[in-house]
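[1] Have a look at this prediction, sequence included:
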Amino acid sequence: MKKVKYDSYLNQYTKRLPKGVFLTTEVDDQVNTMTMGWGTTGFIWSMPVLMIPVRKSRYTHDLLSKSTKFTISVPFDDKFDDELIFCGSNSGRDIDKIDELNLELEYIQESDVPIIKGNDLHFICEIKYQQDMDAELLDKNILNKSYAERDMHTIYYGEILSTYLDK
């Protein structure tokens, strides 16, 4: 595992994101991961951040509301596609996805939230701000297409504390 600058592999992250990456958090020894296919990176408040959307109905949303950190684990190829499909269609409320898929966890010094081993890139993030989306302020075409049931996202702004390349 090699520590790298947060922006060294943003092109690979951005390219992979629509196919899915692992978003992981932990509260009271309860680890959960989900598939995330939307998000953005930026620089705000003099810090690099990942902005991650999580629907309020998701189990991960419940955990993030009690957590201060999350990790993003990114495969550069298709080696975790089946696992990402599974994590995107099953809830941590009903099943221990880590155990079910035999995913290996690893803890990095900067975080008490693990990464998913075997992925190529890992972001360790600390939540600095969160904001619920307001349906009234969203473009109506996007609202009707992406939020037909009005299951809106909360956007979490996570400062990128460190970034690791697993090569």
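    On my side now, so go ahead. Computed from a prediction, not measured in an experiment: that's the story for all the values here.

[2] most centrally placed residue in the chain?
    Closest to where the C-alpha atoms of the chain average out (CA atoms, centre = their mean) is Leu23, at 2.7 Å.

[3] list the buried ones in the longest helix along the chain?
    For the chain, the longest helix by residue count, based on DSSP state H, is helix 81-89. Residues Glu83, Leu84, Phe86, Cys87 are the ones in helix 81-89 that count as buried (16 or more other CB atoms under 10 Å). (Glycine included, C-beta is placed from N, CA and C.)

[4] circling back to that earlier point, what residues are bridge-paired with the residue nearest to the centre of the chain?
    With DSSP bridges applied, Leu23 shows beta-bridge pairing to Met34, Ile72.

[5] Tell me where the chain has helices.
    10-16, 59-64, 81-89, 97-100, 140-146.

[6] I'd like the mean pLDDT over the longest one, please.
    I take that to be helix 81-89. For helix 81-89, mean pLDDT is 95.

[7] So what touches that helix?
    19-22, 33-35, 37, 75, 97, 100-101, 103 (CB atoms under 8 Å, 6 or more residues apart in numbering).

[8] Put the buried members of these into a PyMOL selection.
    Of those, the buried ones can be selected in PyMOL as follows, counting by 16+ other CB under 10 Å:
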select buried, resi 20+21+22+33+34+35+75+97+101+103
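
[9] Which of the contacts of helix 81-89 sits closest to Asp112?
    Thr33 (15.1 Å; CB to CB).

[10] that older thread, mind giving me CSV with the helices of the chain and columns for distance to Gly158?
    Converted to CSV, the helices of the chain look like this (distance: least, CB to CB, whole Å):
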stretch, distance to Gly158
helix 10-16, 13
helix 59-64, 10
helix 81-89, 19
helix 97-100, 20
helix 140-146, 22
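
[11] what about those helices, which gets the closest to Glu126?
    With CB to CB as the yardstick, what comes closest out of those is helix 59-64 (11.8 Å).

[12] For that closest one, enumerate the helices and strands it packs against.
    strand 21-27, strand 30-36, strand 47-55, strand 153-165 (3 or more CB pairs under 8 Å, 6 or more residues apart in numbering; DSSP states H and E).

[13] Please identify the deepest-packed of the ones you listed.
    strand 21-27 (a mean of 25; mean count of other CB atoms under 10 Å).
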